[in-house]
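Q: using only what follows, build the 3D model:
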Amino acid sequence: MDYARFVKELDSLSEYRRIHSLNVADEAVRFAEKYGADVEKARLAGLLHDVTKETPNDLQLKIIEKGGIILTELERRSPKLWHSISGACYIRDELGIDDEDIFNAVLYHTTGRAGMSLLEKCIFLADFTSAERDYPDIDVIREHAENSLEDGMLYGIKFTITRLAGRADLISPNALEAYNEILLSMK
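A: Numbering: from 1, shown residues only. Purely as a prediction, here's the structure:
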């Protein structure tokens, strides 16, 4: 793949989002090498995971509709989830990246889901732990991610669910299903 072509997609993003995307790509490669995922797919999915994050909501909805995705009621009421859905559609429909695993890695990088592939887990955690992240417990999440993808994901999803519940925000059923699946597999 022409990686340089896809790096240019970041030119329309803010400096922070561009740096974040490059950092996620680097972290995704590191996780892919450590845990055995496809390194090139990890680099590309990490790079493009937030490609529509700063796209206006009305345009994101058009990309989603054009991509054939019908939002659930929860998704319609959760605009913060839209960029992962519109981003997956954008990279498939506009950039021509026709790879189901990359599509799903971008689609579920925010919520996770039950039955995640190795690549999906790498992107989810790379987004959570990229170099510029500095929220509370980031060192703990990074430490868990070094133990195993599942350990890192479990801690990361728990962190997210707790934060969302504390603000009385909606919680994606995908996140709950991912959390439960990982917890069941560890017991």
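Q: and the nearest residue to Leu13 once chain neighbours are set aside, which helix or strand is it part of?
A: If you skip the residues right next to it in sequence, Leu13 has Glu54 as its closest partner in space, 5.7 Å away by Cβ to Cβ, 6 or more residues apart in numbering. Where C-beta positions appear, they are placed from N, C-alpha and C, glycine not excepted. Secondary structure assigned from DSSP states H and E places Glu54 in neither a helix nor a strand.
Q: how about low-confidence regions in the protein?
A: For the chain, the stretches flagged by pLDDT under 70 are 1.
Q: now do the contacts for the most centrally placed residue in it.
A: A centroid search over the chain (Cα atoms, centre = their mean) returns His109, at 1.8 Å, as the residue closest to the centre. His109 makes contact with 45, 49, 84, 120, 123-124, 127, according to Cβ atoms under 8 Å, 6 or more residues apart in numbering.
Q: now Ile123
A: Going by Cβ under 8 Å, 6+ apart, Ile123 touches 24, 28, 42, 45-46, 49, 105-106, 109.
Q: can you rerun that using 7 Å?
A: Applying Cβ atoms under 7 Å, 6 or more residues apart in numbering, one finds that Ile123 lies in contact with 28, 42, 45-46, 49, 105, 109.
Q: how much space between it and Gly166?
A: 26 Å (Cβ to Cβ, to the nearest Å).
Q: how about Ile182?
A: Distance of Ile182 to Gly166, computed by Cβ to Cβ: 21 Å.
Q: try Arg133
A: 19 Å.
Q: one more: Asp50?
A: 24 Å.
Q: when these two are compared, which one has more neighbours?
A: Neighbours around Asp50 and Gly166, counted as other Cβ atoms under 10 Å, are more numerous at Asp50. The numbers are 23 against 8.
Q: nearest residue to that one other than its sequence neighbours?
A: With sequence-adjacent residues excluded and distances taken as Cβ to Cβ, 6+ apart, Asp50 is closest to Ser21, at 5.5 Å.
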